[in-house]
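Any chance you could fold what I've pasted below:
(one chain, ligands or ions: 2)
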Amino acid sequence: MEPLVEIDHVDKHFGELHVLKDITTTVDRGEVVIVIGPSGSGKSTLCRTINRLETIDSGEIRIDGTPLPSEGRDLARLRADVGMVFQSFNLFAHKTVLQNVTLGPIRVRGLSRRDAEARAMELLERVGVADQATKLPAQLSGGQQQRVAIARALAMEPKLMLFDEPTSALDPEMINEVLDVMTELAHDGMTMIVVTHEMGFARKVANRVLFMADGAIVEEGTPEDFFTHPRTDRAKDFLGKVLTH
Ligand SMILES: Nc1ncnc2c1ncn2[C@@H]1O[C@H](COP(=O)(O)OP(=O)(O)O)[C@@H](O)[C@H]1O
Ligand SMILES: [Mg+2]
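Ligands and ions are numbered 1, 2, ... in the order given. As a prediction, this is how the structure comes out:
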């Protein structure tokens with residue numbers, strides 16, 4: 001069986017800046033891949049190319065064996081198949097929590113309002129915020145908003161979930177409630193690519209760690225291997241900085 005995500009010799013520039021350098025990796029179904037690395041190393045850009053929020057200069061990205069569509073209906077379908085959760089919660093501010101979660105399924109997946117709401121309530125229950133369903137996002141804590149963002153992504157029944165530093169804008173006491181939801185999702189078999197600095201989470205949940213620096217994948221291995229035996233100076237230096245705090 002082919003991997004769910006294939007990233008094949010991908011290069012990208014922003015003007016002069018070579019932001020992704022010959023990136024090649026695959027993500028299997030059900031696998032949890034953690035992407036770590038210093039700020040500016042290209043982690044967000046890599047995530048954004050996977051659902052084509054960014055184009056690439058060369059190489060190819062395939063999901064389920066199909067190269068990423070460049071536009072139109074196929075691109076909309078791809079976006080629905082790839083859930084994304086960002087650092088900032090990106091909820092629709094003027095819609096209730098419930099409406100935030102039902103909008104995509106109604107518009108893109110064609111669900112009836114009734115079915116979409118029933119499904120949304122199950123998901124809000126699963127992430128522990130069902131009692132907030134009628135509120136507006138601003139009435140929720142950051143941790144609750146981020147859990148709603150996860151429920152909203154899951155409502156589209158994605159094949160893959162991308163998380164780009166989902167807890168880095170949160171107050172410390174709210175980080176674990178979001179990581180717990182993500183851990184459960186991983187245990188339920190969701191394929192996940194997660195950019196995070198939460199090393200405890202990475203050790204516990206990752207099948208594989210990708211360490212990026214300067215636009216390239218510098219190391220790739222099991223969390224055990226990576227955290228206990230980083231091979232490159234770049235990785236040793238990075239781990240030294242993040243683990244001593
Ligand atoms: N839209 C953009 N235009 C120009 N440069 C960008 C853009 N987005 C990111 N960059 C630059 O690309 C590099 C990688 O950014 P990013 O992927 O956000 O890194 P990371 O997520 O690892 O911090 C950085 O130097 C950043 O300033
Ligand atoms: Mg980033």
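
CA only for contacts and neighbour counts going forward, please
OK.

where does this structure have its least confident helix or strand?
Across the helices and strands of the chain, mean pLDDT, DSSP states H and E gives its lowest value to helix 72-81, namely a mean of 84.

What parts of this structure come near ligand 1?
F14, V19, S39, G40, S41, G42, K43, S44, T45 (C-alpha under 6 Å from any ligand atom).

Out of these, which sit inside helices?
Restricting the residues of the chain next to ligand 1 to those inside helices, with DSSP state H as the criterion, leaves K43, S44, T45.

Which members of the residues you listed are classed as buried?
Among these, those classed as buried by neighbour count (16 or more other C-alpha atoms under 10 Å) are K43, S44, T45.

Per-residue pLDDT of the residue lying farthest from the centre of the chain, please?
Here the chain reaches farthest from its C-alpha mean at R114, the gap being 28.3 Å by C-alpha atoms, centre = their mean. pLDDT, R114: 97.

chain center to the strand or helix carrying it, what's the gap?
Assessed by DSSP states H and E, R114 sits inside helix 113-126. Averaged C-alpha coordinates place helix 113-126 at 22 Å from its chain's average position (C-alpha atoms, centre = their mean, to the nearest Å).

For the next helix or strand after that helix, name the packing helices and strands.
Once the chain leaves helix 113-126, the next helix or strand it forms, by DSSP H and E, is helix 142-154. With contacts defined as 3 or more C-alpha pairs under 8 Å, 6 or more residues apart in numbering; DSSP states H and E, the packing partners of helix 142-154 are strand 82-85, helix 97-107, helix 113-126, helix 172-187.

if you set the cut-off to 10 Å instead, what comes out?
helix 72-81, strand 82-85, helix 97-107, helix 113-126, strand 160-164, helix 172-187 (3 or more C-alpha pairs under 10 Å, 6 or more residues apart in numbering; DSSP states H and E).

got the ones you listed as JSON lines, with distance to I63 columns?
Listed next are the helices and strands packed on helix 142-154 as JSON lines, based on distance: least, C-alpha to C-alpha, whole Å:
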{"stretch": "helix 72-81", "distance to I63": "8"}
{"stretch": "strand 82-85", "distance to I63": "9"}
{"stretch": "helix 97-107", "distance to I63": "21"}
{"stretch": "helix 113-126", "distance to I63": "25"}
{"stretch": "strand 160-164", "distance to I63": "9"}
{"stretch": "helix 172-187", "distance to I63": "19"}
